[in-house]
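*Asks:* Could you look at this predicted model? Sequence included:
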Amino acid sequence: MKQIIKYTILIALFYYLLSDLSWGKIVVAFENYSYLWSVAVMISVVLSDFFLSLRWRFLTKDKISLLASFEAIGISAFLNFLLPAKAGELSKIVYLKKFYNYRASRAMAVLFMERVFDVLLLGLLAMLTAIFLLDLEHSALYSTLLVVSIIAGFFLLKFIPLKKVFILVPNKVLRNFLFKTYKYTYELHSKEDLIKNFFYSALVWASYLMTTYLFFVCVAGFELDLGMVLIVFVISSVAMSLPLLPGGIGTYQAGVVFALGLYGVGKEEALVSGVVIHLLMLIPSFLIAWYVFVNKNIGIGFFKQ
């Protein structure tokens, strides 16, 4: 049943993207693109990976170097374009364990902290978008409740007796892994650590927004102000997170087409921009992953072991 629903959504999605297109307009849409600014966009993507690496190094308590963190981030970013539901994130655990002897349970705890703060930041941006830009009272209320729930849930986890639940896990290896992950998660739970993690996460998301702004305004040449770009960014980011196809292919473009349509951008121009920015985000990750694969003499099969 799930597969039927998934494929039904995908068919509807691509029908929305590809119906009533003027292929002539698609060709014309490329003509005004700035190749110089395209390079700037890819540099901005690398900057985002650098901020992600800073956050990862911080969350590992400097047990993993900035270079090792950057390598793991680059590989996972590339694999996220190939695997569904951001499964490429798990490659960080495998890579750091095999090459840098970093415990898998600690790496899993770091991944958990990353996801919590990423969802928190996206929720905050969605809330700001709803309150100040879209002027939708109900959306603002729902976004506020979402953010508050995430924060409250994260802190309440500390008081939930999860250890009693873990004891019920029959597999000893899995049970010990869950215990260690839980323990290390709350070693990162001090007030100072949470503030620093929020700061690094804010840098990451600010760099994501900067990449989006550089592309749509400087590369594609759309007449959008920062507030409009923020709306496009939030909508496309939420769409990209839907686990239908690897790398958010299709869902991301649909989010871009819908959001840009709010500001009068034609479907063809919006679709082309959604495809091109996705490609510009992939190229740096591919180059970083390719360098690491060659330097470490490994391939994608390494992460299936």
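*Replies:* Arrived safely.
*Asks:* Quick check: closest non-adjacent residue to Asp49.
*Replies:* Ile73 (5.0 Å; CB to CB, 6 or more residues apart in numbering). C-beta here means a position set from N, CA and C on the backbone, and glycine is covered the same way.
*Asks:* Repeat that for Gly250.
*Replies:* Leu13 (5.3 Å).
*Asks:* For the helix or strand harbouring the one you found, name the packing helices and strands.
*Replies:* Take DSSP states H and E as the rule and Leu13 turns out to sit in helix 2-18. The contact analysis (3 or more CB pairs under 8 Å, 6 or more residues apart in numbering; DSSP states H and E) places helix 2-18 against helix 251-261.
*Asks:* tell me the mean pLDDT over the helix it packs on?
*Replies:* Mean pLDDT, computed over helix 251-261, is 91.
*Asks:* Let me see the mean pLDDT of the next helix or strand after it.
*Replies:* From helix 251-261 onward toward the C-terminus, using DSSP H and E, the following helix or strand is helix 267-296. The average pLDDT within helix 267-296 is 91.
*Asks:* which stretches of the stretch 1-150 of the chain have low pLDDT?
*Replies:* 1-3, 7, 85, 131-150 (pLDDT under 70).
*Asks:* Tyr213 - how many residues pack around it?
*Replies:* By the criterion of other CB atoms under 10 Å, Tyr213 has 20 neighbours.
*Asks:* from what I can see it touches Ile231, true?
*Replies:* No - counting by CB atoms under 8 Å, Tyr213 does not reach Ile231; the two are 11.9 Å apart.
*Asks:* before we move on, back to that, the residue nearest to Gly250 and Ala254 touch, don't they?
*Replies:* Yes - using CB under 8 Å, Leu13 is in contact with Ala254, at 5.6 Å.
*Asks:* Compare these two (neighbour count), which wins?
*Replies:* Ala254 (24 against 18).
*Asks:* From Leu17, how far off is Val275?
*Replies:* According to CB to CB, to the nearest Å, Val275 and Leu17 sit 10 Å apart.
*Asks:* Contact partners for the nearest residue to Val110 once chain neighbours are set aside?
*Replies:* The shortest distance from Val110 to any non-neighbouring residue, by CB to CB, 6+ apart, is to Leu59 (4.4 Å). Taking CB atoms under 8 Å, 6 or more residues apart in numbering as the criterion, Leu59 is in contact with Val110, Met113, Glu114, Leu188, Asn197.
*Asks:* Where neighbours are concerned, which of those has the most?
*Replies:* Within the contacts of Leu59, neighbour counts (other CB under 10 Å) peak at Val110, which reaches 28 neighbours.
*Asks:* mind checking the SS state of it?
*Replies:* Taken by DSSP: H, G, I helix; E, B strand; the rest coil, the conformation at Val110 corresponds to helix.
*Asks:* so it sits right up against Trp56, yeah?
*Replies:* Yes - using CB under 8 Å, Val110 is in contact with Trp56, at 6.5 Å.
*Asks:* Pull up the overlap in contacts between those two.
*Replies:* With CB under 8 Å, 6+ apart, Val110 and Trp56 have no common neighbours.
*Asks:* ok, the residue lying closest to Lys267 once chain neighbours are set aside - how many residues close by?
*Replies:* Once flanking residues are discounted, Lys267 sits nearest to Val257: 6.0 Å by CB to CB, 6+ apart. The number of residues packed near Val257 is 23, by other CB under 10 Å.
*Asks:* got it, and the one 10 residues further on?
*Replies:* Using other CB under 10 Å, Lys267 has 20 neighbouring residues.
*Asks:* Tell me which residues touch it, please.
*Replies:* For Lys267, the contact set (CB under 8 Å, 6+ apart) comprises Asp20, Leu21, Val257, Gly261.
*Asks:* Next up, identify which helix or strand the residue nearest to Asp49 is on.
*Replies:* Going by DSSP H and E, Ile73 is in helix 66-80.
*Asks:* What are the contacting residues of that helix?
*Replies:* 49-50, 52-54, 56-57, 60, 64, 86-92, 95-96, 99-100, 246-247, 282, 284-286, 288-289, 291-293, 300, 303.
*Asks:* Buried residues, the helix or strand containing Arg106. List them.
*Replies:* Taking DSSP H and E as the criterion, Arg106 maps to helix 104-128. Buried residues in helix 104-128, defined by neighbour count with 16 or more other CB atoms under 10 Å: 105-114, 116-118, 120-128.
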